[in-house]
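Visitor: sequence first, then the predicted structure, then my questions.
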Amino acid sequence: MALAQAPTRDELVRSASELTPLLKSHASWNERNRRLHEDAVRALSEAGFFRLRLPARYGGLEADNRTAVDVIAELAKGDGSAAWVTGVNAITTWMAGLLPDEVQDVVFADPDVRLCGTLSPTGMCVPADGGLVLNGKWGFISGAHHARWQVVVAMAPAPDGGFWPIMTVVPMDELEIVDDWDTSGLRGTGSVSTVASEVFVPNERVLPLPLVLAEQYASRANAGSPVFRAPLLPTASALSVGTAVGLAAAARAEFVERLPTRKITYTGYENQNEAPLTHLQLAEATMQVDEAVFHAHRLADLVDSKGAGNGPWTLEERVRARADMGRAVRLSKQAADVLNEASGGSSIYSDVPIQRIARDLHAIGMHALMHPDTNDELYGRVLCGLEPDTLYI
């Protein structure tokens, strides 16, 4: 039986655009309840967006990075939290696709499976017969309420007698969820903490993180796929950045939509759109949005090009991938801040989306791997001829 033809990028982006009204309608509920509404989760699942990075042999889209950026950006125009959870699911699904094929057969037995996780090694493993026993706590686990598996990074005994980080997957029903997500931004992501207490992890599920960072993956079936030949950090960067640029575009759209009905109080301007200050603000923000998209697309195109076999990765390209992500985040936040500050006192009401957009972008910019200053410093360090001071490249 012939396999169904995968949807094109344009078709997927159009499908994401069609979800925007529904996602927007639940955004306030998501904020209040600190997780995604089940209707939003169901819609994202039915549209196939939790299968963006699922291997095609399991019914996944195995989408390239440019497609993922554009789809996630479109979702962010409806709700940043929904887009962020979609991006995290794509990253962790991709990471699970690096594990041995027999492990993937278990994790991906249900093509609608959802994953969550983090790169922080805040757990510890001890050897046990046939595997490891895991204990620890992980924070910022976006989408944990709706996931079936968590990608876990933890410290474990290394062959040299010391310790090294390992990557594995753990069923969510073997973890405790700690409802501690009460934040100023990305509130709807439900990025709670999870706890492992004496959880057994079979050896076949374990992949040392240094091997992952060196692109020495365990999957044979995915080894020929351009999507699964890319390094971890550039891939994670590309799958993260779409939310930021989509939120910036949403801020611009919200500002323009309200513009004809607003005046500038306590001035002679009865229509805000007649004020030269507004002209400067909107022009500046629009250019920043455009520039953010440029960096997001340059990042995605680089990862796709290298995955397609266009030469080995250079050190400068690796750190530039993080720099492009950081610059896109910086520009997106700057654009939203300009427009938020230009939106007047009425915009502080919780039913006016632009204030939520600005808070979501602030939260994204505080992420340790996405912080613009951190990524600029890393890029500049390598451009100055120094070695990077991190393995996360």
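Guide: Alright, I've got the coordinates.
Visitor: listing partners with orientation, what would you give for the helix or strand hosting Val169?
Guide: Using DSSP states H and E, Val169 sits in strand 163-171. The strands that strand 163-171 pairs with in its sheet are strand 149-157 (antiparallel), strand 207-208 (antiparallel) (by DSSP bridges).
Visitor: now it, how far from the centre of its chain.
Guide: Put simply, strand 163-171 sits 20 Å off its chain's centre (Cα atoms, centre = their mean, to the nearest Å).
Visitor: who touches that strand?
Guide: Identification of contacts with strand 163-171 by Cβ atoms under 8 Å, 6 or more residues apart in numbering yields 95-96, 98-99, 103, 107, 115, 121, 125, 132, 134, 148-158, 196, 199, 201, 205-210, 212. (Each C-beta comes from the backbone N, C-alpha and C, glycine too.)
Visitor: can you turn the buried part of the residues you listed into a PyMOL selection?
Guide: The PyMOL selection below is limited to those of those classed as buried (16 or more other Cβ atoms under 10 Å):
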select buried, resi 95+96+98+99+103+107+115+121+125+132+134+148+149+150+151+152+153+154+155+156+196+199+201+205+206+207+208+209+212
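Visitor: how's this structure carved up into domains?
Guide: With automatic domain parsing as the criterion, the domains of the chain are listed as 9-107, 115-213, 230-383.
Visitor: end-to-end on the longest one?
Guide: What that stands for is domain 230-383. Domain 230-383 has an end-to-end distance of 22 Å (Cα to Cα, to the nearest Å).
Visitor: so that it lines up with my notes, have the first residue be 534 from now on.
Guide: With 534 as the first residue, the last one maps to domain 763-916.
Visitor: so how far is that domain from its chain's centroid?
Guide: Remark: domain 763-916 is offset 14 Å from the chain centroid, using Cα atoms, centre = their mean.
Visitor: equivalent analysis for the second one, please.
Guide: Shown here is domain 648-746, whose average C-alpha point lies 18 Å from the average C-alpha point of the whole chain (Cα atoms, centre = their mean).
Visitor: next one: the first one
Guide: For domain 542-640, the gap between its own C-alpha mean and the chain's C-alpha mean amounts to 10 Å (Cα atoms, centre = their mean).
Visitor: how about the helices in the stretch 734-883 of the chain?
Guide: Under the criterion DSSP state H, counting those that start in this stretch, the stretch 734-883 of the chain contains helices at 742-746, 765-791, 809-840, 848-874.
Visitor: was I right to think Gly656 contacts Thr727?
Guide: No: contact criterion Cβ atoms under 8 Å: Gly656 and Thr727 do not qualify, at 9.7 Å.
Visitor: what is in contact with the two at once?
Guide: Jointly contacting Gly656 and Thr727 under the rule Cβ under 8 Å, 6+ apart are 670-671.
Visitor: pLDDT weak spots in the stretch 734-883 of the chain?
Guide: Within the stretch 734-883 of the chain, no stretch has pLDDT under 70.
Visitor: on that earlier part again, tell me which of the helices of the stretch 734-883 of the chain sits nearest to Ala623.
Guide: For Ala623, the closest of the helices of the stretch 734-883 of the chain is helix 765-791, at 4.7 Å, according to Cβ to Cβ.
Visitor: quick revisit: could I get the helices of the stretch 734-883 of the chain as CSV with distance to Asp572?
Guide: Listed next are these as CSV, based on distance: least, Cβ to Cβ, whole Å:
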stretch, distance to Asp572
helix 742-746, 35
helix 765-791, 20
helix 809-840, 28
helix 848-874, 26
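Visitor: how about the strands paired with strand 696-704 in CSV, adding distance to Ile897?
Guide: Shown next, in CSV, are the strands paired with strand 696-704 (distance: least, Cβ to Cβ, whole Å):
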stretch, distance to Ile897
strand 682-690, 20
strand 740-741, 28
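Visitor: Leu719 is nearest to which of the ones you listed?
Guide: strand 682-690 (18.4 Å).
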